[in-house]
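In: Sequence below, structure please.
(chains A and B)
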Amino acid sequence: MRAALASGTFGFGASSLFSPGALAATPARRDILTGCHWGAFRAHVVDGRIVAIKPWEKDPHPSAQLPGVLDSVYSPTRIKYPMVRRAWLAHGPGADTAGRGDGDFVRVSWSQALDLVAGEIKRVHAAHGPTGVFAGSYGWKSPGKLHNCQSLLRRLLSQNGGFVNTSGDYSTGAAQVILPYVVGSIEVYEQPTAWPVVAKSTDLMVFWGADPVNNNQIGYLIADHGAYPGLEALRKAGKQVICIDPVRTETCTMLGAEWIAPRPQTDVAMMLGIAHTLYIEKLHDEKFLATYTTGFDKFLPYLLGQPDGTPKSAEWAAQICDVPAAKLKDLARRFAKQRTMLACGYSLQRQHHGEQAHWMLITLASMLGQIGLPGGGYGLSYHYASGGSPAATGPVLAGIADGGAATVGADWLSKSGSSTIPVSRVVEMLLNPGKTFDFNGTRGVYPDVKLAYWVGGNPFAHQQDRNQMVKAWQKLETFIVHDFQWTATARRADIILPATTSYERNDIEQVGDYSLTHLLAMKKLIEPMFEARNDYDIFADIADRLGTKAAFTQGRTEMDWIRSFYEAARVQARAKSIEMPIFDAFWNSNDALAFPIEAAAETYVSHADFRADPLLNALGTASGRVEIFSNVIEKMGYDDCPPHPTWMEPAERLGGPTTRYPLHVDTSHPKFRLHSQLCGTSLRASYAISGREPCLMNPADAARRQLVDGDIVRVFNDRGQILAGLTINADIRPGVVRINEGGWFDPVDPRQPGSLCRYGDVNNLTLAIGTSKLAQGNCGHTAVADVEKYTGRSAPVDVFHTPNNA
Amino acid sequence: MSTSRRSAAQEFVDVAAELLDWLAGLLSAPMSLRTVAACRSGKGTVLFNAIHDELGEMPGIDAMRLVFDTDESDAKLAARLSGCYVRLFEGPGGPETVSLYESSYAGATRRLHQEASAAMAGVLRRCDKAVRAGVGEPPDHLALEAGLLATLLRVGDEDAAEELRRRLLHWVPQATAACAGVDPIGFYRGALIALNDMLMALRAASTVRTCHERPS
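Out: Alright, predicted model coming up:
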């Protein structure tokens, strides 16, 4: 027996997995500074293992989400090896597509996996052309200028036959399309008036559908958390704050703010009611409107009800938004009599006809006439990545190019690809190849996609109407995914390639999306876990198989690229009379490279230059002014996006005329995760109720349904059903339940659309239509449903891979 | 203690080392088609008979052997076993996933590569061993712990072997129990049972040898 086993005929012995000669090695201990979406942090690494992390000493407000990092790296849900879905491997593309998600994978070598991927790209290109490949891969990935997996994917496919790309994003899909017509730029990712100015000069701060205390925990780059000192200064200054939100938010509580809770999705009507009061009571700023805006004269008849016989009065608005008319009038007077900042969240535009909310808010701000004054006007990013945090004078770090045309703003807005669809239309595209669609004055045709390639994202979390999506995904012949964790999306892959986390590779990034205060060396903390590889190396090897490796890598290594980004930044810095250290000194310093924040940044007032000279500093609109009426939009002739801000009933809403379900579902951002990132970590234990995503409900709604705290409830509508854990308190208005977005999709039967989601992915309930023909943004906050106590069969949560020993 | 008894005990340890090494190898990765074919061949029959002859009744080995006794082709069985391995041990099985890492059973959290992994790295270092380059697993993977035990048994490092055997017995029974009801084929549960039984049996052998070495 010994001889037989030792022969290797029956498999190798595990003792062959060792090599000799470890005595000389001593366990190394290092403290390394790096960063992530939740901020910069120092990792204590012992013998190749991260044993602790602590926030960077210069972080003014470390995120409660940061501890999730350790769980991510060492999660039991790590994808360890390349794998291929058995049916796909055995029968080829298109085999048993309904079986995606049932977990039947075959482990393969990297070499085989990469051959399969390269072969599939070639096959689809040959048979269907570039529009057969979808690489509009979307998601929050990880920060870093080189290992930007989405840019890398597009780079590969740009150099190898082309692909279908996407435009826009899920965060601000509606606003970023309409605002260039209104104020000449997308604004949603631009610096608002700086926090120190707000703390000093604003008398009344209005957070409208914005929760900066909760949402500024994260940054698309390395979070600087610069908003928190601003919020604290506002609190200490004792300024009036109003939070308009169906939920008493973290911000509302922290600032001791007045809470006004309208019916969700009725913000435009509420704003119109306030605007009507301003006009009727002559509180509006006629001079500002005449000097800095166009089209108020065309909007006014609508406001007064001349064309439709319905004045948009406070009383009219109160019927819709469920805020008393007296309160709306009071708001109009308070807004007008003092320096008021209208801080608007993105949530208002992630709903049916969402374009109108930001347009109407800017119209309201225009009527108040405080745009461009210190502490007045409006701000669209106080809640996101610490917008308003004073910006440093320094370079803007470039990253690896995706082969497309660069655009102003975030890297994900780059324009590349053979064909483009609005990002949230991916499911509509799959279900309707060849169908025409309207978008921003153009008409496109949905391509017939056969292969989807996804990196750094979890569409089975962020896309609306999950069950429609499950059906649509069955039309794909092949679905390729890179990830480090078995997310709901990874489970549905045909080919899954294990990627490193950003802690297992070297990169470089800036701190502060708006402030850009520091450059940070994101040094590799540990060696790649299991067989995980860097996206860059994966794509380089695929490019090699496609004959384009030289073009993909340009002959550079990881460190060559990082050095090149740094050197380009040095050149920029010199132009600003800033001398950065040589690269090696920066890289080896184990500290972030700081840039100065000049006094002008502390006193920055958005649109002050426009106000000072509207001719010299004209906006980028057709008229150069704020456009309350847009001739360009009028020419598009869209029935769902009129040429001035307009209240239109959404497809469904709380109290809506045709709405069948009694509860609005608020799908706001979670406190302890970034969308779906970190849902698969131990942070979940801090918020899950009975093992499920929490469902917050007002006591009156709970009593009506005889529900108690901790109940497992079924939340359902015509589109889907999920389980959730009930938590009851009066911090949410009656008629609304809150289930945060980003819970991992966990269907009882992954083959069956409509199957009960056991954990609580709220996008089972949301509506997948576009906001309008103009922007085709997502309607992630448009959902009504009902809630009942769950009395069905035991449904243990499955999506979080938990060893069975528990 | 007679010399023959000592020799029998040593012979058992030597056999156990080979069997442990083989079982650990089977638990390190999905089986190749070649290995499956070999196990089902005449040579495989000889092997399983030899195990039975030398070690007696082993329910785990019997369960493994039973899986090979099927009409399906080698390729089909290998594919089934491979899928079973991936689903059982590599994540897609959700809560039906069985962790083969000591860290999952030994720490306050379920994170991988925790204190147990660091401790095993220390054990490896003391044994002048390192996980071979290209092997992606942390040192607290069952295959590596059991593989090292086999090595220690072979070289006669009894103290280190005993320490490692005890270490394995702290968590392998849990992993074995976790396999119950979730291994649809029964092969890997069988392998774990067999490995667990060998660890237990080594205790008996160790006792025999300790008695022998004690001054009378």
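In: from here on, contacts and neighbour counts on C-alpha atoms
Out: OK.
In: Chain neighbours aside, what residue packs nearest to the closest residue to chain B within the stretch 451-600 of chain A?
Out: Nearest residue of the stretch 451-600 of chain A to chain B: residue A:530, at 3.8 Å (Cα to the nearest Cα). Using Cα to Cα, 6 or more residues apart in numbering or on different chains and skipping residues adjacent in sequence, the residue nearest residue A:530 is residue B:136, 3.8 Å away.
In: Tell me, what's the model's pLDDT at that neighbour?
Out: According to the prediction, residue B:136 has pLDDT 90.
In: Which helix or which strand is home to it?
Out: Secondary structure assignment for residue B:136, by DSSP states H and E: no helix or strand.
In: Kindly report the same for residue A:342.
Out: Judged by DSSP H and E, residue A:342 forms part of strand A:340-344.
In: next one: that strand to chain centre, how far?
Out: 22 Å (Cα atoms, centre = their mean, to the nearest Å).
In: For the chain, give me the ranges with low pLDDT.
Out: All of this is about chain A. For chain A, applying pLDDT under 70 flags the ranges A:23-25, A:404-417, A:801-806.
In: actually it's chain B I care about, not the one you picked
Out: Ranges of chain B meeting pLDDT under 70: B:1-6, B:204-216.
In: so who does the closest residue to residue A:229 other than its chain neighbours touch?
Out: Excluding the flanking residues, the one nearest residue A:229 by Cα to Cα, 6+ apart is residue A:60, at 7.1 Å. Residues in contact with residue A:60, defined by Cα atoms under 8 Å, 6 or more residues apart in numbering or on different chains, are A:224, A:225, A:226, A:228, A:229.
In: Number of residues surrounding residue 127?
Out: By default, I'm working from chain A. 10 (other Cα atoms under 10 Å in any protein chain shown).
In: wrong one, I was asking about chain B
Out: There are 18 residues near residue B:127, going by other Cα under 10 Å.
In: how close does it get to residue A:174?
Out: Counting by Cα to Cα, to the nearest Å, the gap from residue B:127 to residue A:174 is 63 Å.
In: same question, residue A:661
Out: Applying Cα to Cα to residue A:661 and residue A:174 gives a distance of 26 Å.
In: Would you map the helices across the stretch 501-650 of chain A?
Out: A:535-546, A:549-553, A:558-575, A:583-587, A:599-602, A:608-612, A:631-636 (DSSP state H, counting those that start in this stretch).
In: Residue 176: neighbour count?
Out: If you meant another chain, say so; for now it's chain A. 22.
In: could you do chain B instead?
Out: Count around residue B:176 with other Cα under 10 Å applied: 22.
In: And chain A, what are its domain boundaries?
Out: A:29-73, A:83-93+A:103-168+A:406-507+A:528-556, A:175-391+A:604-636, A:652-806 (automatic domain parsing).
In: Quick check: the residue nearest to residue A:530 vs residue B:146, distance?
Out: Residue B:136 is 16 Å from residue B:146, by Cα to Cα.
In: More neighbours: which of those two?
Out: residue B:146 (29 against 16).
In: who's in contact with the nearest residue to the more buried one once chain neighbours are set aside?
Out: Distance criterion Cα to Cα, 6+ apart; nearest residue to residue B:146, sequence neighbours excluded, is residue B:24 at 5.8 Å. Residue B:24 makes contacts with A:13, A:14, B:142, B:143, B:144, B:146, B:147, B:195, as judged by Cα under 8 Å, 6+ apart.
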